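Peer 1: predicted model follows, preceded by the sequence.
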Amino acid sequence: MPVNPQILGKLEHSQKALETPPLEHPTPPAKLPSRNPTRSFWINSSPDANPLAGKGSQGPLPSEADVCIIGAGITGVGVAYHLIELLNNASLSVTRPLRIVILEARDFCSGATGRNGGHLTPAAFLEFAQRQALFDTGEAIKSYKLEQHTASLLVKIIEENGWASDIDFVEGGHINLLFSEKEARNAHKDFDMARQAQLNLDGVEWLSKEEVEEEYGAPYPGFREPGRNVWPLKLVTKLYQHAQAHAGQYASLSLHTRTPVTAVMHETADNSSTYTVVTNRSNISCSRVVHATNAYASYLLPFLAGPNGIIPTRGQVMATRASVGADQIKIPSWSGNEGFAYWFPRPVKHDTEKPLIIIGGGREAVAPNYELYVDDDSETHSLVGKALREFLPSVFEGKYDPDSEPEMEWTGIMGYTRMGDPFVGPVANLLVANPDGDLHKKQYIAAGYAGHGMPRAFGCAEVIAQMIHAEISDKEWKEPDWLPQRYLTWNRRVE
Ligand SMILES: Cc1cc2nc3c(=O)[nH]c(=O)nc-3n(C[C@H](O)[C@H](O)[C@H](O)COP(=O)(O)OP(=O)(O)OC[C@H]3O[C@@H](n4cnc5c(N)ncnc54)[C@H](O)[C@@H]3O)c2cc1C
C-alpha cells in the first residue's frame, strides 16, 4: 500500500501535553488492565447497567475462530457490528458462518468506554489551522468528516432502533468556553480558515461573554457546536446485542469476558497462516486478530511502547451534584480550560431537580507529567481530584457548593499518540523493517484516540471491518472519502 510521504514527513508534530513527556528509557509496554478498577458511574451506579459484565466468562472457549477481536469497548464491539452488517449486505454465498469471537480481559466494556466523560461530540473546527499547515486542506477537512460520519452514523443507529431513552441520549449541543484571549484568537483563526476551506460549519454559533453570562452564569466567551451525550456502556451493550441478533446465516458472534489475552503467536508448523491467541483459560486458533485494546495495545505489541506508539494516559472523572435546579444549569455539554475540563448534566425528571454533573479533566494540575504513562485505573490522583472539585464552583458562581463531595470518582486509561490521532489498519505496516511480517500480516489495529474516541472509534472500527471483509471476499479495500490518510498504519511509523 502506498506510503503518503507528506504525512510521514510531519510526524514530529507533538501535542501540547506531549512536549515534555516524562520518558523512561526504555519505556516499558503497558500492563494488562488492573484487576480492581475504580468504580465508574456508568458501570457501577446501577445494578442493571452492565448486563453483559461477565458474559462468556465460564465454560469452554471455542478452539477456533475466523476473527478474534481483543477488547470489548466501542472499537472491538464496533468491528463486530460493522463486519456483520457488511456480511449481511453482501449476501456472499458461504459454506459456513464467519466465526467472530470477542475476548475481554475484565468485565464487558470496562475500559475507557465504560469510564469516560460520556461526550459524543465531533470536533467542529478547532485545530483546523494547525492541521491545514501540517498536512494539507483535504487532509485537514477529513479530520472533521470522519468525526461527523461517525457521530451521524451512531445517531442514525440510535434513532432507527429507538434506543435514545434507554441509553440517556441527549442532543443538547456543546459549548466551548474560551478562558484566555489567546484561546479565543486561535479559535477564531481556526473557524475562519475552516470556512475558507468550505468545511461544513452548520450549527456553529459564537457566544459573547455577556451572552454566556446571562444564559448560563459563566463569565467567558465561547462557541456552541452540535454535540450529544450518552451513557456509553449502554450504547455499546445495545450495539453488541444488535450485532448478535443480526449475525444470521453469515456470522456467529461470541463474547468471552474476564479472559485476558496474554500473547498472540504465529502457527507456522502446518503453514496454515493462523494465530494462536493465548488466554488464561485456553488457546484459540484464529485466522485474523484485531487489536481493539486502545491504551493497552503495547502489552501484546511491545513495539508500540514509547512516545511514537500508544501512551497509556490516565484520565479522571467525577459525578457531582449541582446546588441549583436543572432549569438553571440547562442541558448543553461543555468544555473549557483549553479542553482540559469537560462536563455535562445528567438528564433529570423535572426542572427543579438538582442534576448530577459528570466532569472530567484536571490533568493540568499534574503538569508536566499529565498522567502520561500511567496505566493503572485502580486509583485516583488527589491533585487531579482537587482541580476537578474546584473547577465548577469557580466557573459558575453560586451554582455549585465548593464544599460538596462528589458522589462518585473514578479513573480510566486513554491511549495517547504523538499526533493525537489513532493507528488504523494492518499491524504489519507499522514496522519499517517488518521483521515479523508474517506474524503481523493478518493482525489489525484501531487504537490511540488520545482521549477523544467516541466520535472516532466506531468509524475506525468500520474501516477495519471493511478491510477484513475485502480480504475475505478477495476484493480490494476502497478507502472511504471521510478517512484521514494519516490514520492508516502504512502512513505511520512507530520505530
Ligand atoms: C477518563 C476518560 C474520559 C474520556 N472522555 C471522553 C469523552 O467524553 N468523549 C470522547 O469522545 N472520548 C472520551 N474518552 C476517550 C474514549 O473513552 C476512548 O477513546 C474510547 O472509549 C476508546 O474505545 P476502545 O474500545 O478503543 O478502548 P477501551 O474502551 O479502553 O477498550 C479496550 C478494551 O480492551 C481490553 N483489553 C486490553 N488489553 C487486553 C488484553 N490483553 N486481553 C483482553 N482484553 C484486553 C480492556 O479491558 C478494554 O475493555 C475518555 C477516556 C477516558 C479514560
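Peer 2: In hand now; what should we look at? As the structure is a computational prediction, the values presented were derived from the model and not from experiment.

Peer 1: what's Ala194 sitting at in phi/psi?
Peer 2: Comment: the main-chain dihedrals of Ala194 come out as phi -70, psi -40, following degrees, to the nearest 10.

Peer 1: contacts only, for it.
Peer 2: Contacts for Ala194 were tallied using C-beta atoms under 8 Å, 6 or more residues apart in numbering; they are Phe125, Phe128, Tyr144, Leu201. Backbone N, C-alpha and C define where each C-beta goes, glycine included.

Peer 1: assign the residue of the chain found nearest the ligand to helix, strand or coil.
Peer 2: Distances from the chain to the ligand, computed as C-beta to the nearest ligand atom, single out Gly453 as the nearest residue at 1.9 Å. Here Gly453 is recorded as coil under DSSP: H, G, I helix; E, B strand; the rest coil.

Peer 1: my read: it touches Arg115, true?
Peer 2: No: counting by C-beta atoms under 8 Å, Gly453 does not reach Arg115; the two are 11.7 Å apart.

Peer 1: which of these two has more residues huddled nearby?
Peer 2: Residue environment comparison for Gly453 versus Arg115 gives the larger neighbour count to Arg115, 28 against 25, counting by other C-beta atoms under 10 Å.

Peer 1: so that one sits against Ala319, correct?
Peer 2: No: between Arg115 and Ala319 there is no contact under C-beta under 8 Å: 11.8 Å.

Peer 1: where in this structure is pLDDT low?
Peer 2: Low-confidence segments of the chain (pLDDT under 70): 1-25, 93, 268-273, 432-438, 495.

Peer 1: redo that, cut-off 90
Peer 2: 1-27, 90-96, 248-249, 266-274, 428-441, 493-495 (pLDDT under 90).

Peer 1: for the longest strand along it, what is the distance to the chain centroid?
Peer 2: Among the segments of the chain that qualify as a strand by DSSP state E, the longest is strand 311-321. What separates the centre of strand 311-321 from the centre of its chain is 14 Å, taken as C-alpha atoms, centre = their mean, to the nearest Å.

Peer 1: give the next helix or strand downstream of that strand.
Peer 2: Going down the chain from strand 311-321, the next helix or strand is helix 326-329, by DSSP states H and E.

Peer 1: list the neighbouring strands of the helix or strand containing Trp410 plus their orientation.
Peer 2: Following DSSP H and E, the helix or strand that holds Trp410 is strand 408-416. Listed by DSSP bridges, the sheet partners of strand 408-416 and their directions read strand 311-321 (antiparallel).

Peer 1: CA atoms of the strand it pairs with as PDB?
Peer 2: As requested, C-alpha coordinates have been extracted for strand 311-321 and formatted as PDB (Å, rounded to 0.1, in the frame of the first residue of the first chain):
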ATOM      1  CA  ILE A 311       1.000   6.100  25.500                       C
ATOM      2  CA  PRO A 312      -1.400   5.000  28.300                       C
ATOM      3  CA  THR A 313      -2.600   8.200  30.000                       C
ATOM      4  CA  ARG A 314      -4.900   8.200  33.000                       C
ATOM      5  CA  GLY A 315      -8.000  10.400  32.900                       C
ATOM      6  CA  GLN A 316     -10.100  11.200  35.900                       C
ATOM      7  CA  VAL A 317     -13.900  11.800  36.100                       C
ATOM      8  CA  MET A 318     -16.300  12.500  38.900                       C
ATOM      9  CA  ALA A 319     -20.100  12.700  39.300                       C
ATOM     10  CA  THR A 320     -21.000  15.700  41.400                       C
ATOM     11  CA  ARG A 321     -24.400  17.300  42.300                       C
END
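
Peer 1: can you map out the strands along the stretch 1-150 of the chain?
Peer 2: According to DSSP state E, counting those that start in this stretch, the stretch 1-150 of the chain carries its strands in the segments 64-70, 98-103, 119-120.
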